[in-house]
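Engineer: pasting the structure only:
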């Protein structure tokens, strides 16, 4: 879990360095590290099973 300096909330890391999950300050009822981490993992899992791509931008020439 990473505390953000310029934004209210947290970023929850995972097994892959390029996958980060944002948890807003208003989301968890319990703001302990374990509760925020579990919520972030839950959100990441939900995104994986309910994946719906909304935008892909390819700037390759």
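Structural biologist: Received it, and whenever you're ready, just let me know what you need. Everything numeric in this text was worked out from a predicted model, so none of it was measured.

Engineer: Can you verify residue 16 is assigned to a strand?
Structural biologist: No. Under DSSP: H, G, I helix; E, B strand; the rest coil, residue 16 sits outside any strand and is assigned coil.

Engineer: Return the set of buried residues in stretch 4-17.
Structural biologist: For stretch 4-17, a neighbour-count test (16 or more other CB atoms under 10 Å) marks 9-10, 12 as buried. From N, CA and C alone the C-beta is placed, and that goes for glycine too.

Engineer: out of these, which are inside helices?
Structural biologist: Among these, DSSP state H puts none in helices.

Engineer: got TSV for these, with pLDDT too?
Structural biologist: Formatted as TSV, these follow (pLDDT from 0 to 100):
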residue	pLDDT
9	94
10	95
12	95
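
Engineer: what's across from the residue nearest in space to the middle of the chain in the sheet?
Structural biologist: Central residue of the chain (CA atoms, centre = their mean): residue 21, 1.1 Å from the mean position. In this entry, residue 21 is beta-bridged to residue 12, by DSSP bridges.
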